[in-house]
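Peer 1: Got a sequence here, can you model it:
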Amino acid sequence: MIPERIETDHLIFERLTHDAIDLFDLYNICSSDPGIEDVTEYLPWDPHQTPKETHDLLTNAESNWEQGEDFRYLLRLRESSEPVGMTGIDVHWGRRTGTIRLWLRKQFWGRGLSGERAAVLTEIVFKTLDLELLAVFTLEGNEQSRRAIEKYIEQYGGQYDGLFRNFRPNNGDLANAHRYTVTQEQYQNATQ
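Peer 2: Down below sits the predicted model:
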């Protein structure tokens, strides 16, 4: 159903498993990679403190994939196979919605990888999973992500839905989040 490996012009998507990446390599990225504090500023997790956190991340990714609720990928540069971040789709079957997400290592920010990744996940949401709605959120204040999201949402005819107040905890406070969506119909019209 969902491809476990996808290659694009610049990226390789690999199903996130214990076999996809060495635990300690991923731990080093998630705990002490240069700029990790900036990377996690707007994410629902803090830099990992122990390899067990990273192990649990991989175990949960494997389990959620098998349950068909959350499809996570390790992203690598195609030219070098270097890990650049992670991406995925949270599926809400009852609402026929796929929520996409991404984080990139800081050294890969600003290279246009977000849009390339979004194109792949958007196609999976609408063509493979046959969902009715793609959603993406970014926390208030994360202007770099917001600009990247607006580019690909506009490309597919989508829209800004508004600010969701008290969306989730973030650094001891409740954070607001901007929501953008594309419907199946908008996607079909934009890609014909």
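
Peer 1: okay, CA-based contacts and neighbour counts for the rest of this
Peer 2: Will do.

Peer 1: quick check: mean pLDDT across the longest helix along the chain?
Peer 2: Taking DSSP state H as the criterion, the chain has its longest helix at helix 51-67. Per-residue confidence for helix 51-67 averages out to 98 on the pLDDT scale.

Peer 1: which SS state does residue 147 fall under?
Peer 2: Under DSSP: H, G, I helix; E, B strand; the rest coil, the three-state class of residue 147 is helix.

Peer 1: Just give the number of residues close to it.
Peer 2: Summarising burial for residue 147: neighbours were counted as other C-alpha atoms under 10 Å, giving 10.

Peer 1: separation between it and residue 154?
Peer 2: From residue 147 over to residue 154 the distance is 11 Å, taken as C-alpha to C-alpha, to the nearest Å.

Peer 1: got it, and residue 15?
Peer 2: Relative to residue 154, residue 15 is positioned 28 Å away (criterion: C-alpha to C-alpha).

Peer 1: before we move on, what about residue 89?
Peer 2: 19 Å.

Peer 1: who has more neighbours, the two?
Peer 2: For residue 89 and residue 154, the more surrounded residue by other C-alpha under 10 Å is residue 89, and the numbers stand at 24 against 15.

Peer 1: In space, what's closest to the more buried one - neighbours in sequence excluded?
Peer 2: With C-alpha to C-alpha, 6 or more residues apart in numbering as the criterion, residue 89 has its nearest non-adjacent residue at 4.5 Å, and that residue is residue 100.

Peer 1: distance between the helix or strand harbouring that neighbour and the chain's centre?
Peer 2: Under the assignment given by DSSP states H and E, the secondary-structure element containing residue 100 is strand 97-104. Between the mean C-alpha point of strand 97-104 and the mean C-alpha point of its chain there is a distance of 3 Å (C-alpha atoms, centre = their mean, to the nearest Å).

Peer 1: For residue 6, give me its contacts.
Peer 2: Contacts for residue 6 were tallied using C-alpha atoms under 8 Å, 6 or more residues apart in numbering; they are 12-14.
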